[in-house]
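Engineer: The amino acid sequence is not available; the structure is as follows:
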């Protein structure tokens, strides 16, 4: 994979996010050469509000759930309904799961899946701290979801699919677990121009949510081939501002951008 072996990437992602889970702060752009090691203090509430969350949403989750790991707000396009079952791919500390929990109510259910044991542990502690009874966190890879067929109404994901080694499998799995009429609402980092090989070979930029980004047209093809319809992918040019801040001097914003992606299972 452009000079990096698949298991090398997977282990680096796992180690990086384990470290984030055990720390007190981080942004998605954090990597081994930036704020994750340096311990730079950041205002996660302001960052999340800039991504599109309301101040009420940010303040409604347990302390420690908002880890600043997103690149958008999938809740804004999810249009969740009371009683629905929601699945969050790459659930981290549980931020989006807890927001979804309030929207689907006591008759609904939310499942978060993350491949990092430390993140699952943190999310479960957050759920207990916040008294969330309709939220469950499961350890697993989003390419091989620990979720039953046709059991989910809505899938959300926030800046996690770009980290997957096999994105085609992610969308095939998403299609499998969704009920007929189920929806995708994804915020993620996508490429709008071919990413140079030297960036793809940079493991820190991969774990930092950037080097693993796929071209947006390739993602649309993957989603369509998985069986989805009504695909809408919208790049957010304004996101280049915060992406530029993730890795100053690397010019990664010349190749990637945050985007919202929606689709429906027929």
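Structural biologist: Ah, there it is. All figures in this text were calculated on a predicted structure; none of them were measured in a lab.
Engineer: those strands in the stretch 151-266 of the chain, which residues are they?
Structural biologist: Ranges of strands in the stretch 151-266 of the chain, per DSSP state E, counting those that start in this stretch, are 152-158, 178-191, 229-236, 256-264.
Engineer: helices or strands next to the third one in the packing?
Structural biologist: Read that as strand 229-236. Counting contacts by 3 or more Cβ pairs under 8 Å, 6 or more residues apart in numbering; DSSP states H and E, strand 229-236 is packed against helix 216-226, strand 256-264. For the C-beta atoms, the positions are set from N, CA and C on the backbone; glycine is no exception.
Engineer: before we move on, back to that, columns distance to residue 87 on top of the strands of the stretch 151-266 of the chain, output as a markdown table?
Structural biologist: Formatted as a markdown table, these follow (distance: least, Cβ to Cβ, whole Å):
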| stretch | distance to residue 87 |
| --- | --- |
| strand 152-158 | 5 |
| strand 178-191 | 8 |
| strand 229-236 | 19 |
| strand 256-264 | 14 |
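Engineer: from these, which stretch is densest packed?
Structural biologist: Most buried of those, by mean neighbour count (mean count of other Cβ atoms under 10 Å): strand 152-158, with a mean of 25.
Engineer: what does it contact?
Structural biologist: For strand 152-158, the surrounding residues in contact (Cβ atoms under 8 Å, 6 or more residues apart in numbering) are 69-75, 78, 80-81, 84-90, 92, 95-96, 100, 111, 142, 174, 177-179, 181-188.
Engineer: before we move on, back to that, pipe the helices and strands packed on strand 229-236 into TSV and attach distance to residue 106 and mean pLDDT per row.
Structural biologist: Below are the helices and strands packed on strand 229-236 laid out as TSV (distance: least, Cβ to Cβ, whole Å; pLDDT from 0 to 100):
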stretch	distance to residue 106	mean pLDDT
helix 216-226	32	97
strand 256-264	26	95
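Engineer: looking at the chain, which helix or strand is least sure?
Structural biologist: Lowest by mean pLDDT, DSSP states H and E among the helices and strands of the chain is helix 35-38, with a mean of 34.
Engineer: So which residues of the stretch 1-150 of the chain form helices?
Structural biologist: 6-21, 35-38, 44-51, 55-60, 75-78, 95-104, 117-130 (DSSP state H, counting those that start in this stretch).
Engineer: Least reliable of those by average pLDDT, please.
Structural biologist: Confidence, taken as mean pLDDT, is least for helix 35-38 of the helices of the stretch 1-150 of the chain (a mean of 34).
Engineer: Grab the nearest non-local neighbour of residue 160.
Structural biologist: Nearest-residue entry for residue 160: residue 90, 2.4 Å, with adjacent residues in sequence omitted and distances by Cβ to Cβ, 6 or more residues apart in numbering.
Engineer: Near that neighbour, how many other residues are there?
Structural biologist: Using other Cβ atoms under 10 Å, residue 90 is surrounded by 27 other residues.
Engineer: Could you list which residues are in contact with it?
Structural biologist: Going by Cβ under 8 Å, 6+ apart, residue 90 touches 113-115, 142, 157-161, 163.
Engineer: can you tell me which of those lies nearest to residue 244?
Structural biologist: Nearest to residue 244, judged by Cβ to Cβ, of those is residue 159 at 16.0 Å.
Engineer: Pipe the contacts of residue 90 into TSV and attach distance to residue 237 per row.
Structural biologist: As requested, the contacts of residue 90 are arranged in TSV below (distance: Cβ to Cβ, whole Å):
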residue	distance to residue 237
113	30
114	29
115	31
142	27
157	21
158	19
159	17
160	22
161	20
163	23
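Engineer: ok, back up a step: could you work out which of the helices and strands packed on strand 229-236 reaches nearest to residue 200?
Structural biologist: Distance to residue 200, taken as Cβ to Cβ, is lowest for strand 256-264 among the helices and strands packed on strand 229-236, at 11.5 Å.
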